[in-house]
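Novice: Dropping the sequence and predicted coords here.
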Amino acid sequence: TFLSSKGSPTILPAEVIRATEEEKQSQIKTLENLHKANDTKEFLKQLQETAINNQNIFQALMEVCKVCSLGQITQGLFEVGGQYRRNM
């Protein structure tokens, strides 16, 4: 949130914009096609090995993003690194 010098009152949108059912189904179909079209195991394995070896994962991420969904990448990294939890 960016605050002006006068403060920042809470602004409520007039309406919440949601995807239509057609848009939702289109995204689901796109994701299914991505999963069917690519063998992601080798890409995810390489990403995981890079993370385990404490190497820079940027290049591996750039390659894995070409064939994997965000969910697959997140799950792959979670399997080898766990989940970040902030100390309270």
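Specialist: Yep, it's here. Numbers count the residues shown, from 1 in each chain.
Novice: From now on I want contacts and neighbour counts done on CA atoms only, so please keep to that.
Specialist: OK.
Novice: excluding its backbone neighbours, what's nearest residue 45?
Specialist: Nearest non-adjacent residue to residue 45, counting by CA to CA, 6 or more residues apart in numbering: residue 76, 8.0 Å away.
Novice: My guess is that neighbour contacts residue 44. True?
Specialist: Yes: with contact defined as CA atoms under 8 Å, residue 76 reaches residue 44; the gap is 6.3 Å.
Novice: Please say which of those two ends up with more neighbours.
Specialist: Of the pair residue 76 and residue 44, residue 44 is the one with more neighbours under other CA atoms under 10 Å, namely 23 against 17.
Novice: quick one: the helices in this structure?
Specialist: With DSSP state H as the criterion, the chain has helices at 21-37, 41-52, 58-64, 70-81.
Novice: Give me the contacts around stretch 26-45.
Specialist: If you take CA atoms under 8 Å, 6 or more residues apart in numbering as the criterion, stretch 26-45 is touched by 60, 63-64, 67-69, 73, 76.
Novice: Out of the helices of the chain, the one nearest residue 15 is which?
Specialist: When those are compared by CA to CA, helix 21-37 sits nearest residue 15, at 17.5 Å.
Novice: Against residue 86, how distant is the nearest residue to residue 61 once chain neighbours are set aside?
Specialist: Excluding the flanking residues, the one nearest residue 61 by CA to CA, 6+ apart is residue 47, at 6.8 Å. To residue 86, residue 47 is 24 Å away according to CA to CA, to the nearest Å.
Novice: Residue 76 now?
Specialist: Distance from residue 76 to residue 86, by CA to CA: 21 Å.
Novice: what about the chain, any weak spots by pLDDT?
Specialist: Residue ranges of the chain with pLDDT under 70: 1-14, 88.
Novice: sorry, back to before: so which of the helices of the chain is the most surrounded?
Specialist: Most buried of the helices of the chain, by mean neighbour count (mean count of other CA atoms under 10 Å): helix 41-52, with a mean of 17.
Novice: mind checking how far that one is from the chain centre?
Specialist: 16 Å (CA atoms, centre = their mean, to the nearest Å).
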